[in-house]
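*Asks:* Test case, fold it:
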Amino acid sequence: MPETDRWLSEYGDNHREIANPAAYWPAVLLLVIGTVGMLWSLPVPDAFRDISPVLNWGSAFLMASVVYYFILSVALAIGMLPFVVAVSVLPAWLAASGLPLSGVSLALFALAVAGLWLGHHASGGLSAVFRDIQLMMIGPAWLLSRVYRRLGIPY
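*Replies:* So this is what the prediction gives:
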């Protein structure tokens, strides 16, 4: 089984019995946004700032995610690029707005964990939530793979 199918299959196996999809699926996206925002707000070495003003732990995490998506599947990686760009724009906008990036990101992360728990409370509870946190960057790719399957796009 190719690596892409293995990861997507493992993620899908853990999500067959989502109790509340309306709370769960937005929570998957909020988890990524909140995590990237918290990483974005961490102090960075001067060497990062010398390279680029937007190079930080959050943007480095997103860059590593894009590289990993390209390793898994070029088609999925191309499809994930708008999502990655959107996820990077929000913390940059929050940081520039004067709002407390770490506080807003922590609140989004807490909302995400609550949504994940609501989605899993009948089929795995807290252990399933921790597994979702581990696989947070596979979740959006898994959602995209489902869209690709419906549209007949190979990945």
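*Asks:* where does residue 55 land in three-state SS?
*Replies:* Counting by DSSP: H, G, I helix; E, B strand; the rest coil, the backbone at residue 55 sits in coil.
*Asks:* Which residue comes closest to it once chain neighbours are left out?
*Replies:* Excluding the flanking residues, the one nearest residue 55 by C-beta to C-beta, 6 or more residues apart in numbering is residue 48, at 4.6 Å. For glycine as for every other residue, the C-beta is placed from the backbone atoms N, C-alpha and C.
*Asks:* helix, strand or coil for that neighbour?
*Replies:* helix.
*Asks:* same question, residue 136
*Replies:* Secondary structure of residue 136, per three-state DSSP, is coil.
*Asks:* Start at 467, not 1
*Replies:* Happy to do that; since the first residue is 467 now, the last one works out to residue 602.
*Asks:* Looks like it contacts residue 496 (just checking).
*Replies:* No. Between residue 602 and residue 496 there is no contact under C-beta atoms under 8 Å: 10.4 Å.
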